[in-house]
Structures are given as C-alpha cells and as structure tokens.
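>>> Below is the structure, and that's it, no one-letter string:
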C-alpha cells in the first residue's frame, strides 16, 4: 500500500521534473473523475506549472474535465497570454462560462491575447445572462446562404473538415438574403439528396427557433416538447446568433437543482467548495446562520413568557427541544415536496387549497402517530397521564400545523417571486417553534394543578 | 378572469364530448410544462379516456412530455392492449423505464400485447439495473457488417428512412464476423467518402465502448472525458447490445441529484408526489420521522439528567432549543458541502484529515461569532455575565463540534457503503443535540452559584 503512488503524486513528480511529454500521455489515460481529484490535490503553483508544461490542446481537455470552479481557478492563476492560448481551444459556451466567472479586468486581459475571432464571439456571449438561451448557446455552427446548392455545402464541409471536426454539429442552418434564419438542414438528409438540388428544397422551412433572451426554464420546456438535440437561437431581428444544445441545457438545469439542495441546507449563493478561501466560506455560511439565530431567539422568547409554568413542571423542558425539532422535520418534508412539484410544474402558487388538503391529512395522521408515541413516553416516564396529554397533544397539533405550512410556504414565496429554497426552512421553523412552545406551555398552564408532582 | 377557461378545463370538455381530432390538435399546441400541469388536474377516468381517444403516436408524445411518475400512472390505468399500442411508440429506454416501474404482472400483460420485436428489446433492457449502462441505453441503433461498402450502407439508410427517422442516430456501428463491435462510423464521414470504399476503411477502429454493467457514475465520467453524444454498450463477449446517450445519462444523474435533496429532507425512497396515495405518502414520511423521534428522545434525556441545575436556573430552558437548532443548522451546511464534494469526486472517504482541517477553522470562526452574539443576548437580558459565558461558550464549542462532525459524517457513511443523504442529518443532530445540552447544563452546574438569581 505504502509503495503505491497516487496518480496525483506521480503528476507532482513529473511536474517537478518538467516532463512535458510524459504528462501529456499520463493525463490522456486518466478518467475525468481521477483528473478532478488529482488536480484538487496539487498546489496552486503545481497546477500552473502543469498547464504551462502540456500543450494548449491537452490543457483545454483538462479544463473541460475538471469542475467549473476548478477550471476558473486554474485559468485565474495563469498569465493572460498563457490563459488565452488554452481558452482559444475551448468551445464558445465554456469560454464564456469561465471568462464570465473571472474578474472583469482579468477576463479583459485574457480576451486581448486571444485570437480576434474567438475573442469577438466570447465577448458577444458574455452579454447574455447565464440563465437565458444566450447564456448557454454555442457560436460554432454551420450556416449557409439559401441560394446555395447541396453540392456547394458538401464542398464547404469537405474543405473545412479540420475546423468543423471540433464542432458539435447536428444540423446545418440556412440563412436568407435578409440575414434571417430560413431553415434547418438535417445532416442525414444531406447524405441522401442529389447533389444538384437547392438547399431551399432540402431544408425544413420555418424551423422552431428561440429568442436569445428566453429563460432557461422555457428552453428546458422546448427540449421536453421536441426531440431536437439543438435549437437555433435568434435575436430580435430573427438573425441566427447561436445554437442552444440539449446537453448544455440539461447541464444548466442540473446545476440549478444542485443549487436548490445547497440553498435549503443554508449554503447561500448556491455554491461552496472547500478550495474556496476560508473567510468567504465562513462568512457566507454565517450570513444565513445569523438570520437564523435571530429567528431562533424570537421563537424561544415564548418559553421565557411561560417561565413560571416551566418552573412548576421542570420536566417539560425535556420535551421543548423534541417538539421543536420534530415539527421542523415534518414540515421540511412537505417543503421539499412542494419545491420539487413547483420545479416539475405540477403545482402553481395559486394551488393553495389543493396543497393544503393533500398535506393536512398527512399532517393529521403523522401528528397523531408521533403525538401518541411522545405522549406515551411522557406518561410512562413521569407516571402522569396529563403530562402525556399535554406533550402528545401539543406535538399532534403542531405537526398538523408544520406539515400544512411546510406545503404552503414555498407556494407563497414563489407567488411573491422569491426563492423558496433559501427562505422556506427558516420561516417554517420559526413559526412552528413558536407555536410548538406555545402549545406545550399553554396546555400545561391550563391544567397546571394536574401536572405539579 | 372567471370567464377564461384553463387548458385543463378545455381538455375536460373535449374528453367529455369525445372530440378526438380536436384533442390531437389542442395537445400538439401545448408546451410540455402546460401538459404536465393539465394532466395532473384530470381525474383518473379522464386521463384514461384522453389516452384512448387520441392516436397512439400522440399519446406517446404526451407520455414523453409528462413526468415519469405521471407516465407510469397513466399507463397503469389503461387496459394492457391500449397500453401496448402506446408503449410500442416510445423509445426503448423509456419503454423500459415505464414497464420497470409497473408491477411485474402488469408489465408482463402489456409486453404480451406489444409488437414481438419491441417486446423482446424491452425484456432485455429490463434485466439491467437502472443505475448501470444497460439501464439507460437504447436499442435503436444502426449496425452494419464490416464486409459492407459505403454504398451498401447508404442504400440501407435510404430504404429504411421511415424507420430510422424515429431513431436518435448520431453514429453507425460496424460489427465484425464474430459479432464483436469493430468500429464506429461518423455520419458526417459517410457524407464525404467515395461510395465504393469499404466500411473498414472509413470506420474509426477499436472504438471506446463501455460494459453493460458499468455504473452510472463511471458512465458519467466517460462522457465527461470524451465529447461523444453516445457510446456503444457491449456485453461480456464484446457484442454490441445498445447505445448509451449523453442526454439519457445527464437525465439519470439529474434524477440522482434530486433524490439526494429529497432524502436529506427526509423523503425516504427519494420520490414523493402528491398524486400518490395518502397512506403511502404518510407512512413513508413517518418511517423517517419515527427514527428521528427516538433519536430526539435519547438526546433530550441529557436534559432530564440535569433537571436540578435547570430548576435552579430556569432561564436556561430558553436557550436549549436555540443551541440545538443552531448547531443543527451549522452542521448541516458542512454536510451539504461534503455530499456535494463526494458527488463531484473532489473528496474521498479517506480524506478525513483534509476535511476536518478545512471545517474546523470555519466552525471555530462561526462558533465564535454566534457564541458572542447569543452570549451577549443572555448577559444583557438577565444582567448576568456568567449566564452569557455559559450560553455563549456552549454554543461556541458545540458549533465547532457540529461543523467538524457535519463535514466528516458523510465521508464515514460513504466509506461504509451507506447512503450519506438519508442518514447524515439525523445522526449529526442527535450527537450535536446531546453535546449541546451537555455543554450548557454542564457548564452551568460548574458555576451554579454565580447563576442563581
């Protein structure tokens, strides 16, 4: 075991020895998962040396394999000139993703060193928000004038074979005299048609296209509706500006799902990796925690209000955190289902009654079971049936409340155009904590003489 | 407002009137998101009538648009014969997904009514676990003998144009005499080569292929490494059995991410939609809650142990739920980051020291800030500095513990081949609740005389 060297240790050695050729070969044999892990183990200096030692093409492959935040870090630590050589080799959507994540001045310095045509493309892509069609599209596509023949297209493809080999080409696009998108060519149709035919006769006219500012959600809907691998993106004048690919949209939507998960766990901004700076990690987590502690203090003030009741029946203090925690758990299950159904399009903010009626029965049943369980424990432990009634009754009522509210809060937040993932949890637990404490201590106050030992 | 009819109300009306043609047209104009929502609003009877009224091809499009659990329900409520007509029109991977989710006997009844060739394909796909290459691959692909010429392939494509139109064809595959996969054809290369050339001369020999039992994670790695849109899947004898598509793998991985999110919120089984039966929804949620309540009771028993201290300083009861809740929040942030980094391949179970050192500093800093905050509130409220020290100190120490543990628990669970998403949260909060109660009440016991008012 101790003799066997980890891939990243081998990389370290080759970097230290400056063995460029060996590095090229070794990296080629590594899977993406291995590369991700190995790169994360190298120091910043080693990473920079690695990228400058290997060929720009190999460096670009490496950049495509690692995670996006790793890629941004790697490029960030190179000189603008070195970075430009590598970025030149990336597909346009990834160029835009990486340069868009850098400081504007760093990105500018790299684009100044890039090939002018590549730089112009990426500058244009950088204009579009990342959650729109413009933000995910690529600019590498085949476009031909509608006056061409099939022979002309085939000749162009043959001549530019080298260039197009890097394209992810599924369709060709036909452009009219005015510059507007006129039709789509399927490559397999080109295979079968007579060479002398016009493109007009072969193309699918009036193709589906999407505006450059279409939202990612709507674009996802388009790919759900049609079996296309790519869809042309047009500007306000119907001119073709890029192609949005199904895979890029799926990736972007997957990233959103992941962000929802991280946000519900209180990772503000939807992204944190441990290679980020300690201060930014700690302070971003803290921004969410400090709102939570204020809400917690507000909720716990209910306990202070009932201090006398609690003094008289000190054993209730054991049950307060249980009720607070269990209501939070039950409510958060309902929150997760509502957020998921909102994402899938199965519910809309106005479906308040439907969600309430579905959640209330679950809250009633699970509240009853959990209430009987906890009430039973309290009764047996203190040999006092009334304590069981107070504790069990409070958990029962509060579970019903937590589950119903948990289902509804995401709808309300979405209805107010707010992000349900980040705010639903804290809002829910504040209300259910307050109500839980109020039910336990309020019920106990009502039958205090039966509870005092 | 009241006059405007919702799309699903219009559908209801057309179904009631049996207007098959109008339904076909209306559905075609609806986006996938609209269809998902409208179908969820129809009764089971109306859904079945809708699917039998429209053409099988249109029904198949509808099945592809709605969510997977909706699709399974829709098919489940039809007669085997009606279901078979629709399933026949679906791509093979979706056939397998839907039939695999049905009861075995229901699926069998449908396959008996399907076209024999389609049924044979889907029976084979159903053998493979859903999280392997076999589980996501399609069986619609173009395969040609290595003895054929390009002219032969082009002739076959022209003859079977109708059939292949439904295929999602990116590549052709070349099969050797022994039945093994010999090479891959890029369609665009077919475009440019002389017709009389042999396939052997045009194909890319020794292509990358994946074994049918490759895990989804590894398959995802393959697509990360190579820019392929599809990769051939082979059995133990190197025979081609299907094609795994990038889009299908991205979808399957997206589904896994979603399940992680739902599981961390206590949705056992990773899936719940409100159209599922009330009893199964309530009982699945309850199975997780009942483990949690037991863990909660265990944790709260620490409070019972310190009852005397609590009686003497009743105001401590206000701070117990705050400390329990805040430690849970801080720890769960670290859990979320570890689960994410495990998924991305940035950490492995053995990286205990690395994760601990990264989390401990965050825990130390955020614990200090939150401790000072809560300690300050306690001090000012009760005008007792020692109360501030006890409460603030306990939160500080417990936050450090919760954050460090939160980072490590997912590693430990993954190392033991268990699912970190479902178990990390309950495990973490049990330990941090116990320790939090212990720190507050233990510290208080030590300086009891300074705290008693």
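Ah, there it is. All values derive from a computational prediction rather than experimental measurement.
>>> What's the per-residue pLDDT of whatever residue of the stretch 1-150 of chain A ends up closest to chain B here?
Nearest residue of the stretch 1-150 of chain A to chain B, counting by C-beta to the nearest C-beta: residue A:32, 3.5 Å away. Backbone N, C-alpha and C define where each C-beta goes, glycine included. With respect to pLDDT, residue A:32 scores 74.
>>> go on, residue A:223?
Note on residue A:223: pLDDT of 80.
>>> Quick check: chain neighbours aside, which residue is closest to it?
residue A:246 (5.0 Å; C-beta to C-beta, 6 or more residues apart in numbering or on different chains).
>>> Helix, strand or coil: sort out residue A:349 for me.
Under DSSP: H, G, I helix; E, B strand; the rest coil, the three-state class of residue A:349 is coil.
>>> number of nearby residues for it?
Residues near residue A:349, counting by other C-beta atoms under 10 Å in any protein chain shown, number 17.
>>> Settle this for me: it is touching residue A:414, isn't it.
Yes - between residue A:349 and residue A:414 there is a contact at 5.0 Å, judged by C-beta atoms under 8 Å.
>>> Next, count neighbours for residue A:36.
19.
>>> Can you tell me the closest non-neighbouring residue to it?
residue B:345 (4.5 Å).
>>> Look up the pLDDT of the one you found for me, please.
pLDDT, residue B:345: 79.
>>> if I pick it, what's in contact with it?
Residues near residue B:345 by C-beta atoms under 8 Å, 6 or more residues apart in numbering or on different chains: A:33, A:36-37.
>>> Tell me how chain A divides into domains.
A:7-127, A:142-245, A:277-451 (automatic domain parsing).
>>> and among these, the most buried is which?
domain A:277-451 (a mean of 21; mean count of other C-beta atoms under 10 Å in any protein chain shown).
>>> For that one, measure first residue to last.
For domain A:277-451, the first-to-last residue distance is 54 Å (C-alpha to C-alpha, to the nearest Å).
>>> which is the next helix or strand following the helix or strand where residue A:407 lies?
According to DSSP states H and E, residue A:407 maps onto helix A:385-415. Next in sequence after helix A:385-415, counting helices and strands by DSSP H and E, comes helix A:420-446.
>>> For the helix or strand that that next one is followed by, name the packing helices and strands.
Next in sequence after helix A:420-446, counting helices and strands by DSSP H and E, comes helix A:448-451. Other elements packing on helix A:448-451 under the criterion 3 or more C-beta pairs under 8 Å, 6 or more residues apart in numbering or on different chains; DSSP states H and E are helix A:307-312, helix A:385-415.
>>> So which of those is nearest chain B?
Distance to chain B, taken as C-beta to the nearest C-beta, is lowest for helix A:307-312 among these, at 4.9 Å.
>>> which is the next helix or strand following that closest one?
Next in line after helix A:307-312, if elements are assigned by DSSP H and E, sits helix A:316-344.
>>> Measure how the helix or strand following that next one sits relative to helix A:316-344, angle-wise.
Note on helix A:316-344: by DSSP H and E, the next helix or strand toward the C-terminus is helix A:352-382. Counting by axes from the mean of the first three to the mean of the last three C-alpha atoms, to 10 degrees, helix A:352-382 lies at 160 degrees to helix A:316-344.
>>> right, is helix A:352-382 up against chain B?
Yes - judged by C-beta under 8 Å from any C-beta of the partner chain, helix A:352-382 and chain B are in contact via A:354-355, A:358, A:361-362, A:365-366, A:369-370, A:373-374, A:377.
>>> Lowest mean pLDDT across the domains of chain A, which one is that?
Checking each of those, the one with the poorest mean pLDDT is domain A:142-245, at a mean of 83.
>>> Check the offset of that domain from the chain's centre.
How far domain A:142-245 lies from its chain's middle: 30 Å, per C-alpha atoms, centre = their mean, to the nearest Å.
>>> start to end distance for it?
Start-to-end, domain A:142-245 (C-alpha to C-alpha) is 14 Å.
>>> Identify, from the residues of helix A:352-382 next to chain B, the entry nearest to residue A:134.
Nearest to residue A:134 out of the residues of helix A:352-382 next to chain B is residue A:355 (C-beta to C-beta; 34.7 Å).
>>> mind listing what the closest one touches?
Counted by C-beta under 8 Å, 6+ apart, residue A:355 has contacts A:338, A:347, A:407-408, A:411, B:274.
>>> tell me the secondary structure for residue A:172?
Under three-state DSSP, residue A:172 falls in the strand class.
>>> That one touches residue A:142, doesn't it?
Yes - under the criterion of C-beta under 8 Å, residue A:172 makes contact with residue A:142 at 4.3 Å.
>>> OK, now which residue of the stretch 101-250 of chain A is nearest to chain B?
Counting by C-beta to the nearest C-beta, the stretch 101-250 of chain A gets nearest chain B through residue A:224, at 3.5 Å.
>>> Skip the chain neighbours and tell me the closest residue to that residue.
residue B:32 (3.5 Å).
>>> ok, now residue A:41?
residue A:8 is the one closest to residue A:41 (C-beta to C-beta, 6+ apart), at 4.0 Å.
>>> The helix or strand containing the one you found packs against which elements?
Assigned by DSSP H and E, residue A:8 belongs to helix A:7-17. With contacts defined as 3+ C-beta pairs under 8 Å, 6+ apart, the packing partners of helix A:7-17 are helix A:20-29, helix A:32-41, helix A:44-53.
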